[in-house]
Structures are given as structure tokens and as C-alpha cells.
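Novice: Sequence and predicted structure, then a few things I'm wondering about:
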Amino acid sequence: SGLDHVDALSMVEKTCAERVAPLKLLGRDIQIAGRTIDESGRVEIDVTTREATFHKMPILLRGPHQSQNGALALAAINELRQLGWKLNDDDLRNGLNQVAWPARVEVITQKPTIIVDAAHNWESAKALIATLAEGPPDRKNVLIFAATKDTDISGILRQLLPAFDTIILTRYVENPRGVSIAELHPLVEAITTKP
């Protein structure tokens, strides 16, 4: 489990105890022993469990949270191996090299770097900011932002706005739940204007 919310973790621990199911936690039973990022943004992780060590496993999805997800996936594979599944490290690398998640910190082009992300809640916006923080510190960040009515727009904007040098507001043309620029602008102003 990669849970770090105390209440959620407590519920998972209780459920595991009731069902007499083992619980293995990231940071306790599963460790990210190393994480490297090359100049193109490619990530490799080393993961250890009590039974196995995985070296230089590729993580194609960007962001520190995706390395945690990758570590959990490798730990699940380790459990399958304990049950007799025959999966070698090359099979795992091949599988990890095929992982794709469109519109989740998806790099569309490199020069300039254009990233598309469908962050739709506070946590996904936080993950996007953590991912951008791994990039060059002198880079100018431009946010093109649209939202739907059923999201915590203010919460998302509070996360995103400090990480961007320029903000461009837009709206979904065909989506009836799309929020207009006239509605977004005052939210941005309220967050960015100092009292």
C-alpha cells in the first residue's frame, strides 16, 4: 500500500486484520532504494522488498508519485513470484516500458516542452507541481487552464498558480459543464492579488 493518509491507512489496516490478509507498506516493507532521472527526463528506480531487489526499472510516467506507483507494482509482481509466477526482470522492464497514461503529465513536445495534464482535483494538481519541480529551475512555465463546474477550481488554482509565470484562461467549447473565462478570471484574481 502507498497510502499516507492516516484515516485511509487505518481503514486498510483494519480490513486486512479482519480478513487475515498481509499488509505491505511503501516506506516500511517496500523501499525505493534509488531513483535517477537522465537529461531527457527518463526515470529509473531501484526497489527493494524483503524478498527481492529490482534494479534500474524504467518508469515512463513522470513525477515522483509515479515512481511510488511503479514501486508498488513491482512489489505486487514480487508477491506473484512468491506464488510461483515466472516473471523475470526483463519481462518487467518490457511491461514498464509500455505503460502510457494519456493526459497525465504527458509530454507532447520537447522543444519547447509542452505538457498536457488533466489534473482535476487537489491531489492531481499537487502531483503535477511536484513533477514540474523536477525540471530545470530557470524554465518559464505557462499554464493554459480550463475547468469544469464539478471540480474544486479554487483549490486546484491555489496549487497551480504559484508554479507558473504566465496564466492563460480558456474554456471547453463543446462541454456544457465548462466554466467560462468570465467565471475563472475572478478566481485567479482573488488568489493572486495580495490584500
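Specialist: That came through, no problem.
Novice: Confidence-wise, which helix or strand of this structure is lowest on average?
Specialist: Across the helices and strands of the chain, mean pLDDT, DSSP states H and E gives its lowest value to strand 106-110, namely a mean of 86.
Novice: by contact count, what packs against that one?
Specialist: Packing partners of strand 106-110 (3 or more Cβ pairs under 8 Å, 6 or more residues apart in numbering; DSSP states H and E): strand 113-116. The way it works is simple: take the backbone N, C-alpha and C, and place the C-beta from them, glycine included.
Novice: Quick one: mean pLDDT for the helix or strand just after the strand it packs on?
Specialist: Tracing the chain past strand 113-116, the next element assigned as helix or strand by DSSP states H and E is helix 122-132. Helix 122-132 comes out with an average pLDDT of 90.
Novice: tell me what helix 122-132 is packed against?
Specialist: When contacts are defined as 3+ Cβ pairs under 8 Å, 6+ apart, helix 122-132 packs onto helix 64-82, helix 153-160.
Novice: Give me the phi and psi angles of the closest residue to residue 129 other than its chain neighbours.
Specialist: Nearest non-adjacent residue to residue 129, counting by Cβ to Cβ, 6 or more residues apart in numbering: residue 163, 5.0 Å away. Geometry field for residue 163 lists phi and psi as phi -90, psi 0, criterion degrees, to the nearest 10.
Novice: List the contacts of residue 163.
Specialist: Contacts here follow Cβ atoms under 8 Å, 6 or more residues apart in numbering; on that basis residue 163 touches 129, 132, 133, 141, 143.
Novice: Pull the most distant pair out of those residues.
Specialist: Greatest spacing in the contacts of residue 163, by Cβ to Cβ: 133 and 143 (14.6 Å).
Novice: in the protein, which ranges drop under the pLDDT threshold?
Specialist: Low-confidence segments of the chain, defined by pLDDT under 70, span residues 1-4, 194-195.
Novice: Centroid-nearest residue for it?
Specialist: In the chain, the centroid-proximal residue (Cα atoms, centre = their mean) is residue 65; its distance is 4.3 Å.
Novice: Quick check, it in contact with residue 130.
Specialist: Yes: under the criterion of Cβ atoms under 8 Å, residue 65 makes contact with residue 130 at 6.8 Å.
Novice: Run a quick neighbour tally on the nearest residue to residue 164 once chain neighbours are set aside.
Specialist: Nearest non-adjacent residue to residue 164, counting by Cβ to Cβ, 6+ apart: residue 143, 4.1 Å away. Other residues within reach of residue 143, judged by other Cβ atoms under 10 Å, total 18.
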